[in-house]
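Enquirer: I'd like to go over a predicted model; first the sequence, then the structure.
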Amino acid sequence: MDTSKKRIKTIDEYMALHPKEVRSKLKEIRKVIKDIVPEATEAIKYQIPTFILYGNLVHFAAFKKHIGFYPTPSAIEEFSDELSTYVVSKGAIQFPLDKPIPLDLVKNIVKYRVKESLEKRH
């Protein structure tokens with residue numbers, strides 16, 4: 001979905017731009033993050049949903065055929081074995097829209113990122 005024409009200010013606004021099936025997957029990811037780290041702040045950065053905890057924690061975004069999840073290169077490296085069935089790059093994971101979001105994996109990655117974020121704070 002092309003979001004470049006409208007300046008998005010909230011994650012709710014971002015999700016409202018997408019079809020119901022995609023919105024459902026975005027909501028799943030958002031809920032996982034909020035359940036694990038309720039103190040994280042929601043924001044829109046780079047025109048995509050972002051959670052902040054002493055800096056960027058994770059980003060996620062909807063595309064035509066996948067949900068992009070951006071947990072930093074260190075998290076992708078840490079979970080490389082579990083991510084072997086997904087398209088990944090240095091800082092991104094692609095979860096195909098035609099398959100369920102691996103919520104347990106997302107939870108573990110978010111927990112890892114929270115730990116990293118807290119360690120950087122000290």
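Expert: Cool, got the structure.

Enquirer: could you dump the helix or strand hosting residue 94 to PDB, C-alpha only?
Expert: For residue 94, the element it lies in under DSSP states H and E is strand 93-96. This file holds the C-alpha atoms of strand 93-96, laid out as PDB (Å, rounded to 0.1, in the frame of the first residue of the first chain):
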ATOM      1  CA  ILE A  93      12.600 -10.200   8.000                       C
ATOM      2  CA  GLN A  94       9.800 -10.900   5.600                       C
ATOM      3  CA  PHE A  95       6.800 -12.800   6.900                       C
ATOM      4  CA  PRO A  96       4.700 -13.900   3.900                       C
END
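
Enquirer: Direction included, what does it pair against?
Expert: According to DSSP bridges, strand 93-96 has the following sheet partners: strand 66-70 (antiparallel), strand 87-88 (antiparallel).

Enquirer: These: which one's closest to residue 101?
Expert: strand 66-70 (6.7 Å; CB to CB). Heads up, the C-betas are built off the backbone N, CA and C, glycines and all.

Enquirer: Low-confidence regions, the chain specifically.
Expert: Along the chain, the parts satisfying pLDDT under 70 run over 1-6, 122.

Enquirer: any idea which residue sits dead centre in it?
Expert: By CA atoms, centre = their mean, the mean C-alpha position of the chain lies nearest to residue 60, the distance being 3.1 Å.

Enquirer: can you give me the angle the helix or strand harbouring that residue makes with strand 66-70?
Expert: Counting by DSSP H and E, the secondary-structure element that holds residue 60 is strand 56-62. For strand 56-62 against strand 66-70, the angle by axes from the mean of the first three to the mean of the last three CA atoms, to 10 degrees is 170 degrees.
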